[in-house]
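**Student:** sequence and predicted model, in that order:
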Amino acid sequence: MRRFLTVAVLAVSVLAAPLAQAETLTDAFIAAYRNSNLIDKQAATLRAADEDVAQAMATLRPIVEYTVTSGYGRTQMRAHGVFTDGFKTTFELSASMMLYDFGRRAIGIEIARESVLATREALRRIEQEVLFAAVESYVDVQVNSQLVALRESNVRLVTQELRAAQDRFDVGEITRTDVSIADARLAAARAGLSAAQGNLLVAREAYKAATGAYPKRLSSPPKSPKLPKSMEAARAVALKSNPNITQLQRVVTINELNMQLAEANFMPTLSGSVAIDRTDRGIDSQSLGLRLNQQIYSGGAKASKLRQSIAGRDGARADLAQAGVSVAEGVGNAWAALTVANAQVQAGDQQIRAAQTAFDGVREEASLGARTTLDVLDAEQELLDARVTRVQADAQRYLGVYQVLQAMGLLTVEHLGLGIPTYDPAQYYNAVKNAPVHTARGKKLDKILEKLGR
């Protein structure tokens with residue numbers, strides 16, 4: 001009965017194995033996005049930048065604080081010989097507010113907002129890197145699996161050639177040299193197989209690092225996404241959508257605002273305050289005042305900060321211009337690599353057909369004694385090399401499409417149409433932009449954090 005159950009379980013497993021759903025590239029993309037520590041870190045960085053907006057908004061509101069002091073005091077009037085002593089407790093409630101600062105706070109809020117937008121672009125860049133790592137590891141696993149299969153076939157074929165050479169040597173048709181050549185080629189084929197198997201293990205580790213799990217049964221890659229019809233069209237999209245460009249545009253704006261802030265710091269500030277004091281001895285006092293403050297001399301510090309902000313703005317503009325050059329170059333390189341890969345695939349097909357014809361002919365001639373074992377092995381090696389090159393070129397062509405998409409700034413969950421919920425950068429921002437405290441809005445913020453799993 002035990003043997004019967006064991007056989008039955010094995011039979012069910014064998015029948016169910018083909019029905020197991022294969023992992024698709026979309027599955028790999030989704031797993032990579034959901035399991036990415038890089039995206040989680042950048043999302044947390046974005047939430048921290050959102051809080052900068054809340055803190056900047058808080059400067060528009062009054063500051064209310066209280067102070068309670070208690071202590072022992074002794075007062076003596078020598079002329080009259082009288083003294084008082086005892087404990088005294090004072091409670092002070094005060095409120096102060098900046099009334100006018102020549103735009104400092106408004107500029108600070110804009111700087112914080114632009115920083116949030118710049119951080120969002122950084123998150124989009126990380127998203128692209130994560131998704132490209134997923135497709136790259138997916139293709140690498142499939143390519144190395146195919147190369148292992150080719151190397152295994154090569155080992156079997158060379159083994160057959162070695163046996164045939166040994167048989168021909170036994171009947172005196174060839175010399176020991178031919179057998180040794182076949183034996184050496186078999187050792188090389190086994191070494192190549194071992195290297196291919198090692199590369200497959202490395203590719204599996206890269207897949208796990210990218211998606212969070214080892215690959216199981218991968219389906220064939222789907223049809224690659226569509227690209228613009230020309231390199232110039234792709235470049236035009238990249239100069240508008242690449243996150244390196246859009247992020248640096250925000251950085252330029254931040255530096256321009258910093259320059260305005262440095263200019264505003266030359267102006268005075270006007271603030272108001274209200275205070276109420278009460279002691280345990282029944283003495284009350286109230287105060288109300290305005291305070292106009294301006295620094296007359298700072299040793300040149302303010303002027304230096306202004307010059308520094310101007311230099312920062314100029315540097316940011318130069319970074320943006322250079323980013324445009326780099327992005328345009330990246331699109332051109334990716335497009336050129338894709339063009340080369342397409343040409344290599346077409347040439348590889350012709351090479352395989354020619355190498356297969358040559359191998360079949362040489363092996364037939366060898367069976368008639370017109371070719372040596374070395375000729376057969378050389379022809380077989382050329383056919384193997386052609387197939388390996390074709391597999392690698394096809395993989396490069398497929399990856400080349402995604403490289404162009406990444407250079408354009410379109411390798412995103414939204415553009416690929418993965419249909420999964422993604423981190424919503426506006427949700428947390430909208431909850432904190434007005435600097436909520438522990439109120440109904442604060443409870444809403446707690447729910448958002450709980451939903452994010454933070």
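**Tutor:** Sure thing, it's come through. What you see is a predicted model; the values in this text were computed from it and never measured.
**Student:** show me the shaky parts of this structure.
**Tutor:** Screening the chain residue by residue with the criterion pLDDT under 70, one finds the ranges 1-20, 76-84, 436-454.
**Student:** show me what contacts the residue nearest to the spatial centre of it?
**Tutor:** If you average the C-alpha coordinates of the chain and look for the closest C-alpha using CA atoms, centre = their mean, you land on Ile126, 2.3 Å from that point. Contacts here follow CB atoms under 8 Å, 6 or more residues apart in numbering; on that basis Ile126 touches 36, 38-39, 42. Using the backbone N, CA and C atoms, a C-beta is placed for each residue, glycine as well.
**Student:** need the three-state assignment for it.
**Tutor:** Secondary structure assignment for Ile126 (DSSP: H, G, I helix; E, B strand; the rest coil): helix.
**Student:** can you tell me the closest non-neighbouring residue to it?
**Tutor:** Ranked by CB to CB, 6 or more residues apart in numbering and with sequence neighbours excluded, the top spatial neighbour of Ile126 is Gln42, at 4.7 Å.
**Student:** can you tell me how far the one you found is from Val130?
**Tutor:** When distance is defined by CB to CB, to the nearest Å, Gln42 is 10 Å away from Val130.
**Student:** tell me how far the residue nearest to Asn35 when sequence neighbours are not counted lies from Tyr33.
**Tutor:** What sits nearest to Asn35 in space, not counting adjacent residues and going by CB to CB, 6+ apart, is Gly212, at 3.4 Å. Separation of Gly212 from Tyr33 (CB to CB): 10 Å.
**Student:** can you check Leu383 too?
**Tutor:** Shown here: Leu383 relative to Tyr33, a distance of 41 Å by CB to CB.
**Student:** and Ala210, by the same measure?
**Tutor:** 10 Å.
**Student:** common neighbours of those two, please.
**Tutor:** Joint contacts of Ala210 and Tyr33 (CB under 8 Å, 6+ apart) are 130, 134.
**Student:** looking at the two, which is more packed in?
**Tutor:** When neighbours are counted by other CB atoms under 10 Å, Ala210 and Tyr33 differ, and Ala210 comes out ahead with 24 against 21.
**Student:** list the contacts of the more buried one.
**Tutor:** Here Ala210 is in contact with 28, 32, 130, 133-134, 136-137 (CB under 8 Å, 6+ apart).
**Student:** next, count neighbours for Ala44.
**Tutor:** Look at Ala44: counted by other CB under 10 Å, it has 12 neighbours.
**Student:** that one falls within a helix, correct?
**Tutor:** Yes. Membership of Ala44 in a helix is supported by three-state DSSP.
**Student:** run through the strands of the stretch 251-400 of the chain in chain order.
**Tutor:** Listed from the start of the chain, the stretch 251-400 of the chain has strands (DSSP state E, counting those that start in this stretch) covering 269-279, 284-293.
**Student:** winner for burial among those strands?
**Tutor:** Burial of the strands of the stretch 251-400 of the chain is given as mean neighbour count (mean count of other CB atoms under 10 Å); strand 269-279 ranks first at a mean of 15.
**Student:** show the contacting residues for the residue nearest to Asn35.
**Tutor:** Applying CB under 8 Å, 6+ apart, we find Gly212 in contact with 31-32, 34-35.
**Student:** done for today, thanks.
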